[in-house]
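Engineer: sharing a model that was predicted from the sequence below.
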Amino acid sequence: MMLGEIFNQALAEGWSTGHFNFSESDQARAICEAAKEVGAVAFIGTSEGEARHLGYGVAVALRDAFRAELGIPIFLNSDHHKSVDSAKRALEAGYDSIHIDLSAKSFEENLAGTKEIVVLARANDREINVEGELGYLRGDSKIQKEKIEVKPEDYTDPEKAAEFVKKTGVNRLAIAVGNIHGISLDEPNLDIERIKKIRAAVPIGVALVLHAGSGIPDNQIKAAIAAGIANIHINTDIRLAYAKALRDALKETDETTPYKFDVPAREALKTMVKEKLKFFGARIKTG
Ligand code: G3H
Ligand code: ZN
């Protein structure tokens, strides 16, 4: 099963896949088990920092091991890889999907670097799914202590999105529509009309991705999916669930065996992923 088919099915049927970050094997296991229990594919990702911590080769080996053990489709993505070099590293390690995020650079540099990765991803009959990013997403995956303001120029322009997709040949596009990474002090206010305009401007086979899915009210998530989002990225919410359960567990016990004291953290993460996937309506293609 190809990743692209799943996004197409999600768009056609009005639901979304979920993408979840990990930096430890336990977290990858929790996400993959959650996906299996819900009946969805597992789409797992490492940012540059998460991959540096875990090791690109280890991430690939974990994917392979969980595929064999759980028997479900599992796809590994290089989340927000911010240089052509780091994206190449993930590609060479054997990732299934590359998110090349050059959105902080000029439109021309973003276009050229993203295209370079698309060409490599399709070389030698490979069909690695590539995500580009256009528009500027602020924040990072934590609880924000200061107010972050989304500026008018941050938003993805539908016409530029169409040009970017056409010239790069990406399989999916991350867009900035009022979303901010992490839990912001103010409630996010997604520009749903803009999602619809981008959806109308970009070919149907190119999936639209909503990053920064943590802390967005449920009604806005539902509206974003209805407007054509086929993949939603979640990191802060699962980090918080994991960290809180781990802190609580360590407070209550003098246990020193990691595989014993980290069980509640893994379970909390798994519960959160299941809730998100169910809410997104995620499922595996059936016939
Ligand atoms: O790429 C990762 C996601 O966009 C995570 O965003 O931490 O706001 O859930 P989040
Ligand atoms: Zn993101």
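Structural biologist: That came through fine. Ligands and ions are numbered 1, 2, ... in the order given.
Engineer: got a list of what Ala161 touches?
Structural biologist: Residues near Ala161 by CB atoms under 8 Å, 6 or more residues apart in numbering: Leu134, Leu173, Ile175, Ile198, Ala201, Val202. Heads up, the C-betas are built off the backbone N, CA and C, glycines and all.
Engineer: and the residue of the chain found nearest ligand 2, what pLDDT?
Structural biologist: Ligand 2 sits closest to His211 of the chain, with a gap of 3.2 Å, by CB to the ion. His211 is assigned a predicted lDDT (pLDDT) of 98.
Engineer: cool, and Lys145?
Structural biologist: 89.
Engineer: my read: Gly57 touches Glu92, true?
Structural biologist: No: applying CB atoms under 8 Å, one finds Gly57 not in contact with Glu92, separated by 10.0 Å.
Engineer: list residues touching both of the two?
Structural biologist: By the contact definition CB under 8 Å, 6+ apart, Gly57 and Glu92 are jointly contacted by no residue.
Engineer: sort out for me which of the contacts of Ala161 are in strands.
Structural biologist: The strands, defined by DSSP state E, take in Leu134, Leu173, Ile175 from those.
Engineer: what packs against the strand or helix carrying Ala34?
Structural biologist: Following DSSP states H and E, one finds Ala34 within helix 25-38. If contacts are counted by 3 or more CB pairs under 8 Å, 6 or more residues apart in numbering; DSSP states H and E, helix 25-38 sits against strand 42-46, helix 56-70, helix 236-252, helix 263-280.
Engineer: hang on, the earlier thing: most surrounded residue in the ones in strands among the contacts of Ala161?
Structural biologist: Using other CB atoms under 10 Å as the neighbour criterion, Ile175 leads the ones in strands among the contacts of Ala161 with 28 neighbours.
Engineer: surely it and Thr156 touch.
Structural biologist: Yes: taking contacts as CB under 8 Å, Ile175 lies within contact range of Thr156: 4.2 Å.
Engineer: give the residues shared as contacts by the two.
Structural biologist: Joint contacts of Ile175 and Thr156 (CB under 8 Å, 6+ apart) are Leu134, Gly135, Arg194, Ile198.
Engineer: contact partners for the last one?
Structural biologist: When the contact criterion is CB under 8 Å, 6+ apart, the partners of Ile198 are Thr156, Pro158, Ala161, Leu173, Ile175, Val177, Leu208, Gly228.
Engineer: quick one: pLDDT of it?
Structural biologist: 98.
Engineer: which parts of the chain sit against ligand 2?
Structural biologist: His211, His233 (CB under 5 Å from the ion).
Engineer: the strand of greatest length in the chain vs helix 56-70, what angle?
Structural biologist: Ranked by residue count, the top strand of the chain under DSSP E comes out as strand 74-81. Strand 74-81 runs at 150 degrees relative to helix 56-70, counting by axes from the mean of the first three to the mean of the last three CA atoms, to 10 degrees.
Engineer: who are the packing partners of strand 74-81?
Structural biologist: strand 17-21, strand 42-46, helix 48-54, helix 56-70, helix 84-93, strand 97-100, strand 129-134.
Engineer: for Ile148, find the nearest of the ones you listed.
Structural biologist: Shortest distance between Ile148 and the helices and strands packed on strand 74-81, using CB to CB, is found for strand 129-134: 17.6 Å.
Engineer: does the one residue in the stretch 1-150 of the chain that gets nearest to ligand 1 count as helix, strand or coil?
Structural biologist: For the stretch 1-150 of the chain and ligand 1, the shortest gap (CB to the nearest ligand atom) falls at Ser141, measuring 3.2 Å. Counting by DSSP: H, G, I helix; E, B strand; the rest coil, the backbone at Ser141 sits in strand.
Engineer: that one - how many residues pack around it?
Structural biologist: 24.
Engineer: same thing with the one 10 residues further on?
Structural biologist: Other residues within reach of Lys151, judged by other CB under 10 Å, total 9.
Engineer: once you drop chain neighbours, what's closest to it?
Structural biologist: With sequence-adjacent residues excluded and distances taken as CB to CB, 6 or more residues apart in numbering, Lys151 is closest to Tyr136, at 7.8 Å.
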